[in-house]
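Enquirer: predicted model and sequence below, questions to follow.
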Amino acid sequence: MLQVRKSEDRGVANFGWLDSRHSFSFGHYYDPEHVGFGPLLVINEDKVSAGQGFGTHGHRDMEIISYVLSGALEHKDSMGNGSVLHYGDVQRMTAGSGVRHSEYNHSNKEGVHFLQIWIQPSQDGIQPGYEEKHFTPESKAGGLRLIASPDGREGSVLVHQDALIYAAILDGGEGAVHTLGAGRQAYVHVIRGTLTVNGAELKGGDAAKITGEATVTLSGADNVEVLLFDLP
C-alpha cells in the first residue's frame, strides 16, 4: 500500500526568522493521521534567516539527524562539539540520557536550509553521542547511497535504531529499486524535483508511506534529490 502526503498538506510554522514545514505532528501542529511512521517521528524542512537560529535547548532519548541543503548551519552542544555544516553534510546527535545544543545560521547574509529528522532510538538512557559525515553529490548520483544505519556501515552515520536512510540524486529519467525485507516498511521524502514512486508522481516536499510491498521503485526522475527510509 502506498499513501502519498503532498507538500502543501504539511504543517506550517513561520516565526519570521524561521519558516518550517512539518511532515509529522510537531510543536503546535498536530495531525492524528501523521504522528510519526514507525520510529521516524519528525521531518522538519527548516529555512532560517541570516544570523538567526535555535538557542540552547535540551533533548533526550532521540536520534537527531540534520541534512543540510544550502547555507551554513552552526552547531554547538553540551558534549563540547562545535561545527559548521554545509551542503552534503549529515550530522547525527544521540540525545540519549540528555544533551543541550544550539543551532544557528552561521551566515549574517544568507539563509540556511536543512532537514531536521528525529528517529526514536531502540532503547532509552544511552550515552549521548555525536557524529558527522560528508557525502558528495557524486556519491549520491544515479543511485541510492546509504547515509545512516544501525552499524555505521559503508561510511554512514550510526543511528541507535534498526533504520536505514538512503539519499539519491537522480535526473534524466533515472531511477532506482530498493528491496524491503520481511516486515519492513519505507518512507520516501522528495527534497526537490519530480519523481515517480511505485507509480505515484511526487514533487519536492511530497512524501510516500509504503507498507506491505516488497520493493520501492523510483523512476522518471527530473532534477531529483530524495531520501528513502527503510524502517521496522
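Expert: Yep, it's here.
Enquirer: ok, the closest residue to P39 other than its chain neighbours - contacts?
Expert: Sequence neighbours aside, Q120 is the residue nearest to P39 in space, at 4.3 Å (criterion: CB to CB, 6 or more residues apart in numbering). Where you see a C-beta, it was placed from the backbone N, CA and C, and this is true even at glycine. Shown in contact with Q120 (CB atoms under 8 Å, 6 or more residues apart in numbering): 36, 39, 41, 61-63, 161.
Enquirer: and Q120, how close does it get to H160?
Expert: 9 Å (CB to CB, to the nearest Å).
Enquirer: shared neighbours of the two, which are they?
Expert: Between them, Q120 and H160 share the contacting residues E63, judged by CB under 8 Å, 6+ apart.
Enquirer: centroid residue for this protein?
Expert: A centroid search over the chain (CA atoms, centre = their mean) returns I117, at 4.3 Å, as the residue closest to the centre.
Enquirer: coming back round to it: gap between the residue nearest to P39 and Q161?
Expert: Counting by CB to CB, the gap between Q120 and Q161 amounts to 7 Å.
Enquirer: any idea how the protein splits into domains?
Expert: Following automatic domain parsing, one gets these domains for the chain: 9-136, 138-231.
Enquirer: now do the longest one, average pLDDT.
Expert: So that's domain 9-136. Mean pLDDT, computed over domain 9-136, is 96.
Enquirer: circling back: just so I know, which of the domains of the chain lies nearest M1?
Expert: Nearest of the domains of the chain to M1, taken as CB to CB: domain 138-231 at 5.1 Å.
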